[in-house]
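>>> Fold the following, please.
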Amino acid sequence: MCGRALPGPLMSKLPSLVPEPLSFDIGNEHDRFWCAAEGRRYASVIGFDAKAQGEVAICIAELVSNVAKFAGRGTLALSTVTEPRLGMRIVVEDAGPGIDNPASVFEDGFSEGRRLEPGTQRRSGQGLGVGLGAVARMMSHVEMENAPGRGLRVVCIKWLDPPRGGSGAFPASGPSSAR
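Residues are numbered from 1 along each chain as shown. Down below sits the predicted model:
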């Protein structure tokens, strides 16, 4: 993977090589393994420690699994964020059915498009089971653009340095998909 050096005072804060953006097609549940491994590798190049690399991999695997399960096809894009500080952007998009109640998917206990009552068993083999609530807790920022019947775009950022726990929504920069 080739990188580009950044001029000026940012150079002292950034790794010597900033990884080029990567994009992957999602076509089935098994793509979560490849995408998670590539996300872990990308996070490593940026400078994330082993724990943060694992969190990135878990989040990517969950997002990719959801695309494969609910939309059938989609894309994963990885890029480096340099402003306001160094981090990693993960964008997962699909053209599936979208989500009827997007706020509920970040709640614990939400699975397969519905809220599970305490004690309800999840079907085995249906994704990782960590849910988007765990994705939101492991990432610094998570934003969802939902168009029921036309698709979903989830944008996550993980900052290389603290603070952890997130600070709310951020504007999803970069090219927006036409929906």
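>>> thought Arg153 was touching Met144?
Yes: proximity of Arg153 to Met144 meets the contact threshold set by C-beta atoms under 8 Å, at 7.1 Å. Using the backbone N, CA and C atoms, a C-beta is placed for each residue, glycine as well.
>>> quick one, helices of this protein?
For the chain, helices defined by DSSP state H occupy the ranges 31-46, 50-70, 131-138.
>>> so which of those gets nearest Trp159?
Nearest to Trp159, of all those, is helix 50-70, at 9.5 Å by C-beta to C-beta.
>>> circling back to that earlier point, rebuild the helices of the chain as CSV, extending it with mean neighbour count.
Shown next, in CSV, are the helices of the chain (neighbours: other C-beta atoms under 10 Å):
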stretch, mean neighbour count
helix 31-46, 20
helix 50-70, 22
helix 131-138, 20
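>>> Out of the ones you listed, the one nearest Leu76 is which?
helix 31-46 (5.1 Å).
>>> Can you pull out the residues in contact with the closest one?
With contact meaning C-beta atoms under 8 Å, 6 or more residues apart in numbering, helix 31-46 is reached by 1, 3, 15, 17-19, 22, 24-26, 52-54, 56-62, 64-65, 68, 76, 78, 80, 86-88, 90, 128, 158, 160.
>>> swap the cut-off to 6 Å and go again
Contacts to helix 31-46, defined as C-beta atoms under 6 Å, 6 or more residues apart in numbering, come from residues 19, 24, 53, 56-57, 60-61, 64-65, 76, 78, 80, 88.
>>> One more: stretch 76-89?
The contact list for stretch 76-89 (C-beta under 6 Å, 6+ apart) reads 14, 18-19, 21-24, 26, 35, 42-43, 46, 64, 91-92, 157-160.
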